[in-house]
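A.B. asks: here is a sequence with its predicted model. Questions after.
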Amino acid sequence: MLPYKNIFESLKINRIITISIIGFAAVISIFSIYQVRRIHEESLDKAFVIDPQGSVFPLQEVYHKEYLEVESRAHLERFLFFFYELNSINYRDRLSKALWLGDQSVDQLYKQKKEDGVYNRILQYSLLQKIEGSDFNVRIQGDKIHFTAEVILKITRGEVNDLYNLKVTGQLIKVARKFPENPHGLLITDYYEQQLIKIDQ
């Protein structure tokens, strides 16, 4: 009876070893599939393009730069609309929205304009301030986004229309998106009104 007992024990050990090998092979197979998939996805992210000047850029960086430039222009357009396109009815609401899009440099400019009586004149004379046209120049350098903008402002008082050329400069930094206050996730910094010149008509 002893030899049979040893055979059953041997079969039991063989069964344990076989199940262990199958389990180990399954784990290795799953891990291998995961690794192949991860390497494939990383290789797609690291595709490269060559620009007309012969410089090589990661494809992801090119898409990101184009996307960031579009977001920057949209953010600036939104800010300029809220900060400059004003009348006696909407100016409080629009300025409140504009202040969400910039840092203390925008807030200081707002306070300066308030002290200078700009908003009181809008109320007193029922002025209508409208943007007739704008042009942006956005330069992305690493984490910094520099911009200049040229805006044509039309100020209407009754039947009198005056046109002004406004040039502004500043930078944009990335911040957390907050909808609807700051949907683009950018903040204007170092904002400066470079010049405001009346256009002779």
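C.D. replies: All right, it came through fine.

A.B. asks: pLDDT weak spots in this protein?
C.D. replies: 1-5, 43-64 (pLDDT under 70).

A.B. asks: what do you get if the cut-off is 50, keeping everything else the same?
C.D. replies: Within the chain, the segments meeting pLDDT under 50 span 1-2.

A.B. asks: where is the longest helix in it?
C.D. replies: Secondary structure of the chain per DSSP state H: the longest helix is helix 2-45.

A.B. asks: so how far is that helix off the chain centroid?
C.D. replies: 48 Å (C-alpha atoms, centre = their mean, to the nearest Å).

A.B. asks: now stretch 73-88
C.D. replies: Between the centre of stretch 73-88 and the centre of its host chain there is 17 Å, according to C-alpha atoms, centre = their mean.

A.B. asks: and that stretch, which residues are buried?
C.D. replies: 73, 75-76, 78-86 (16 or more other C-beta atoms under 10 Å). For the C-beta atoms, the positions are set from N, CA and C on the backbone; glycine is no exception.

A.B. asks: ok, of those residues, which one's closest to Asn14?
C.D. replies: Set against Asn14, the nearest of these by C-beta to C-beta is His75 (69.4 Å).

A.B. asks: hang on, isn't that closest one packed against Val175?
C.D. replies: No. In terms of C-beta atoms under 8 Å, His75 does not count as a neighbour of Val175; the distance is 10.6 Å.

A.B. asks: need the contact partners of stretch 106-118.
C.D. replies: For stretch 106-118, contacts defined as C-beta atoms under 8 Å, 6 or more residues apart in numbering pick out 79, 83, 95, 98-99, 119, 188, 191, 193.

A.B. asks: just the CA coordinates for that stretch, please, in PDB.
C.D. replies: Taking Å, rounded to 0.1, in the frame of the first residue of the first chain, the C-alpha atoms of stretch 106-118 are listed here in PDB:
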ATOM      1  CA  VAL A 106      -5.900  94.400 -14.400                       C
ATOM      2  CA  ASP A 107      -7.400  95.300 -11.000                       C
ATOM      3  CA  GLN A 108      -5.100  98.200 -10.500                       C
ATOM      4  CA  LEU A 109      -6.000  99.500 -14.000                       C
ATOM      5  CA  TYR A 110      -9.700  99.200 -13.200                       C
ATOM      6  CA  LYS A 111      -9.200 101.100  -9.900                       C
ATOM      7  CA  GLN A 112      -7.200 103.800 -11.700                       C
ATOM      8  CA  LYS A 113      -9.900 104.200 -14.400                       C
ATOM      9  CA  LYS A 114     -12.500 104.400 -11.600                       C
ATOM     10  CA  GLU A 115     -10.600 107.100  -9.800                       C
ATOM     11  CA  ASP A 116     -10.100 109.000 -13.100                       C
ATOM     12  CA  GLY A 117     -13.900 109.100 -13.500                       C
ATOM     13  CA  VAL A 118     -14.000 106.900 -16.700                       C
END
